[in-house]
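> need a structure here:
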Amino acid sequence: MLAATEREASQLFAQVEAEAAASDIVSLEVVLNGQPSGTAFIYTGSAGMAIEEAALRRWRIDVPPGGTRDIEGRRYLPVAVLGGVTARIEMRTQRLLLTVPPNMFEPNSVALATASPLAPAPPVWSAFANYDLFGYSAPGTHYGSGLFEVGTSGPYGTGIVSAVANSAQAISGTTGKTVLLEADWRRDDPASLRTLILGTAVNRTVSWGQALRFVGAQYGTNFTIRPDLITYPLPAFPGTAVVPSTVDVFVNGSRTGAQQVASGPFSISNVPIVTGAGEVQLVVRDAFGQQQVITQPFYASQQLLAPGLDDFNVSAGRERLNYGSESLDLGSGFFSGYWRRGLTDTVTVSALGEGDSYARAAGAAIDFIPGRYGVVTLGAAASDSRAGTGYLGLAGYQYQNRRFNVALQSSFATSDFRMPGGSSTIAQTKRLLFANLGFNFGAAGTLGFAWVDQQYLGAPSNHVGTVSYSVALTPRLSFVASVSNSQGTTSQTTAFATLIFALGENTSAAADVTSTRSNGSTHTVAGATLQRTLPIGEGYGYRLRATTDDQYEAGATYAGPWGRYSVDVAHAGGVSAARAEVAGGFGTADGVVFAARPIVDSFAIVRIDGVPGINIYQNGNFAGRTDADGVAVLTQLYPYSRNRITINDKDAPIDVTLNTREQTIAPYYRSGAVADFGARRLQGAVLEIRLRDGGLLPSGAEVRRASDGMTYPVGANGEIYVPDLESGSNFIASWSGGRCRFSIDMAKVPREVIPRVGPLECAKEP
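Residues are numbered from 1 along each chain as shown. Just a heads-up that it's a prediction; the model follows:
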């Protein structure tokens, strides 16, 4: 990039220093590549021009090592040393016109500006209880069950206990049995993206590991605390700008942001690319309207971690057996732990170890991207158990773009390989082969193929192949079809096709046909369905279905402010049955006790104190209305995500002022939060002002409130109108002939719509 060597620079400076007495050092305005760039000291002489080094570095011009010399206390670099650089002094304006090729600038790395992460709302002490009661009745069979859940949350985390109670159990026939499902305390740390769970949990695993329920402790990273965080590698996209420019960034044709860049080479990072293969376009525009387009392909995968990013989890305790039928049927001691780390943009490694009294296993895996051609996974593990020492190997490949995707996965275990949990009912896999192939034809639909070949230790093998196709025939009409064949303990082929017609936002109709061939016979059934899904807020839904094999179903659900209620009836094979369900919840936070639909996520208390009937919207959807106290409860907030809560300006009365009409909150996991809109009802009043001598305050005088400086004109008879009297009680009146002060005793102001106050004496000031 540089045309002169250090020796050539020394020769030039020898000439410069020889004639220093006859030359001048001047300070000039500099125009760099057509852009004003401040002032700099310039050394001129017959040997050539030299520019102050500090200015060159300020402009990010690459200065060659050893090419500068000290002259009169400053270091300078000859222009001749910089190949391709031209410099000319414009005598009329006394400016230095400097032209520098883009490649002479030092590279400039910038991150694409994105929305800053939203800090979680401060947790408040809150509690909730959910219930889901279910009843079933058929000839000779009647039973009921209930699912119950209680939880509490606060600054130290969230604790939840859930249980199910059955009047009858299908397998054992016992009655009146209550079974504990979960009981845990969870504490999230948004700063470190870590989560601690004490109590019941499911161990997290990677690659070949097996998830098990246990009672104990779990600690590790939890990226769901930051939904906006992109954990997979984001490549940087380079370009070059001749002058300071704006770069518009497009990912697969969609604009994702814009970034200002300085002159020279640049590299833009933090571009929110989609996973799979794609293309990024950088459209570089300068102030003169010149434009260049830079196109670069990429491949990204969520299987990989960004360089330097770690993901880990450790679990320890005792295994849970017979979950759902026994409360705490505990097995042996159990330990599980994994660690993953992104080494580079294209390589992520992982290690996993777990064990119990039955088996111990450990292994490692690597995920990497070869060029831009998908993700390859390789791994191996070894185990030690009562069966002996065994080994497992795995390999996988995945590739996807906008039109095509393929996924292959294979693992093989020796007959002695075992994983923890051998005392459970989960059959361990000896060999697995999975293949998936998909095509996206745009308006012509999507076509997919899948094949699974699985062999178990001590259990029958299973082979399943599926072909599926779906297409949107019109904006309201869709077609879906599939054919699957399974080979295992039995052989069966099933073909399915359906037409789905959207009748409205929540209502649809469908016609379908299913044909099944098994054991040499074929059974074909056609059916029709009409259904309406429940809205986000209050409302109703229903489902009607009939088939050609004498099956009929009808059901309706209503979601009200305090619960969800549903009833279903069905007839099949000459037998009729009915079932009913009632689900709801109770909660408390910030001194508010409420009844609501089941609280399955986080919730918020919305305060518009003293203002009833205000419609509340969550992410643009109607979510509730304030009660007589000006309070509304939202029970479907997404934890750690942006929940935008707004009100309509027209809903608020004219005499009510609000601090804001929109709030965005991110509550903690299954916790309560408060969204206070700072409502305050304005107290307007007409004030009658008199001077101490009994005269009227002159019309046209100005009255200023001392607390906030608001001014009000004086009308006829010395009267003024103050729309918000409670904001301050001390006033100063001024006019061309004088100035006076008065105050109001707020306790003596009548509580009327627009009270009249006075006459008030205004003490004149000298």
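> Name the nearest residue to Gln531, sequence neighbours excluded.
If you skip the residues right next to it in sequence, Gln531 has Arg543 as its closest partner in space, 4.3 Å away by Cβ to Cβ, 6 or more residues apart in numbering. All C-beta spots, glycine's among them, are computed from the backbone N, C-alpha and C.
> so what strands line up beside the helix or strand in which that neighbour is found?
Of the helices and strands defined by DSSP states H and E, Arg543 is found in strand 539-547. Based on DSSP bridges, the pairing partners of strand 539-547 within the sheet are strand 521-532 (antiparallel), strand 551-559 (antiparallel).
> Please work out which of the ones you listed is packed deepest.
Of all the strands paired with strand 539-547, strand 551-559 carries the top mean neighbour count, a mean of 17, counting by mean count of other Cβ atoms under 10 Å.
> Touching that one from outside, list them.
Among residues not part of strand 551-559, those counted as contacts by Cβ atoms under 8 Å, 6 or more residues apart in numbering are 527, 534-535, 537-546, 564-573, 597.
> Specify the beta-bridge partners of Val686.
Val686 forms beta bridges with Tyr721, Arg756, as assigned by DSSP bridges.
> Quick one, grab the pLDDT at it.
In this prediction, Val686 carries a pLDDT score of 86.
> from what I can see it touches Arg756, true?
Yes. With contact defined as Cβ atoms under 8 Å, Val686 counts as touching Arg756 (4.9 Å).
> Now name the helix or strand holding the nearest residue to Ile720 once chain neighbours are set aside.
The shortest distance from Ile720 to any non-neighbouring residue, by Cβ to Cβ, 6+ apart, is to Tyr712 (4.6 Å). Assigned by DSSP H and E, Tyr712 belongs to strand 711-713.
> What residues of that strand count as buried?
By 16 or more other Cβ atoms under 10 Å, the buried positions in strand 711-713 come out as Tyr712.
> do the same with stretch 629-639
Buried positions in stretch 629-639, judged by neighbour count with 16+ other Cβ under 10 Å: 630-637, 639.
> Any idea how many residues pack against Val686?
For Val686, the number of neighbouring residues by other Cβ atoms under 10 Å comes to 14.
> Domain boundaries for this protein, per the record?
Following the assignment in automatic domain parsing, the chain carries domains at 6-106, 237-300, 597-680, 685-765.
> Which one of those lies nearest to Pro123?
Taking Cβ to Cβ, domain 597-680 is the member of those nearest to Pro123, at 5.0 Å.
> In this structure Arg186 contacts Gly157, no?
Yes. The pair Arg186 and Gly157 passes the contact test of Cβ under 8 Å, sitting 5.6 Å apart.
> shared neighbours of these two, which are they?
Common contacts of Arg186 and Gly157, defined by Cβ under 8 Å, 6+ apart, comprise Leu196.
> so the residue nearest to Phe214 when sequence neighbours are not counted bridges to which residues?
The spatially closest residue to Phe214, leaving aside those adjacent along the chain, is Gly317, at 4.4 Å (Cβ to Cβ, 6+ apart). In this entry, Gly317 is beta-bridged to Gly216, Phe334, by DSSP bridges.
> Pick out the residue nearest the middle of the chain.
Ranked by distance to the mean C-alpha position of the chain (Cα atoms, centre = their mean), the top residue is Pro227 at 3.2 Å.
> What distance do you get for the closest residue to that one other than its chain neighbours to Phe603?
Nearest residue to Pro227 in three dimensions, chain neighbours excluded: Ser641, at 5.2 Å (Cβ to Cβ, 6+ apart). Separation of Ser641 from Phe603 (Cβ to Cβ, to the nearest Å): 14 Å.
> Which of the two has more residues huddled nearby?
Set side by side, Ser641 and Phe603 give different neighbour counts by other Cβ under 10 Å, the larger being at Phe603 (24 against 18).
> helix or strand for that one, which one?
strand 602-607.
> just Val452 next, same as before
In this structure, Val452 is located in strand 446-456 according to DSSP H and E.
> Walk me through which strands that strand pairs with, and which way each runs.
Every partner of strand 446-456, by DSSP bridges, with its direction: strand 429-440 (antiparallel), strand 459-472 (antiparallel).
> Using a markdown table, please lay out the ones you listed together with mean pLDDT and mean neighbour count.
Rendered in a markdown table, the data for these read as follows (pLDDT from 0 to 100; neighbours: other Cβ atoms under 10 Å):
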| stretch | mean pLDDT | mean neighbour count |
| --- | --- | --- |
| strand 429-440 | 90 | 16 |
| strand 459-472 | 90 | 15 |
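> got JSON lines for those, with distance to Met91 too?
Written out in JSON lines, the entries for the strands paired with strand 446-456 read as follows (distance: least, Cβ to Cβ, whole Å):
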{"stretch": "strand 429-440", "distance to Met91": "65"}
{"stretch": "strand 459-472", "distance to Met91": "70"}
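> Now for the protein, the helix or strand with the poorest mean pLDDT.
helix 6-18 (a mean of 54; mean pLDDT, DSSP states H and E).
> following that one, which helix or strand comes up?
On the C-terminal side of helix 6-18, the nearest following helix or strand under DSSP H and E is strand 24-32.
> Okay, now the unreliable bits of this structure?
When residues are selected by pLDDT under 70, those of the chain lie in 1-23, 46-47, 168-176, 422-428, 726-728.
> residues contacting Leu98?
Applying Cβ under 8 Å, 6+ apart to Leu98 gives the contacts 30-33, 37, 51, 85-87.
> and with 10 Å instead?
With contact set as Cβ atoms under 10 Å, 6 or more residues apart in numbering, Leu98 has these partners: 28, 30-35, 37, 40, 42, 49, 51, 55-56, 59, 61, 79, 82, 85-88.
> Now which of those residues would you call buried?
By the neighbour-count criterion of 16+ other Cβ under 10 Å, the contacts of Leu98 include these buried positions: 28, 30-34, 37, 40, 42, 49, 51, 55-56, 59, 61, 79, 82, 85, 87.
> Let's see which of those residues end up in helices.
Secondary structure assignment by DSSP state H places 55-56 of these in helices.
> Which PyMOL command selects the buried ones in the contacts of strand 551-559?
In PyMOL, the members of the contacts of strand 551-559 classed as buried (16+ other Cβ under 10 Å) are selected with the following command:
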select buried, resi 527+534+537+541+542+543+545+564+565+566+568+570+597
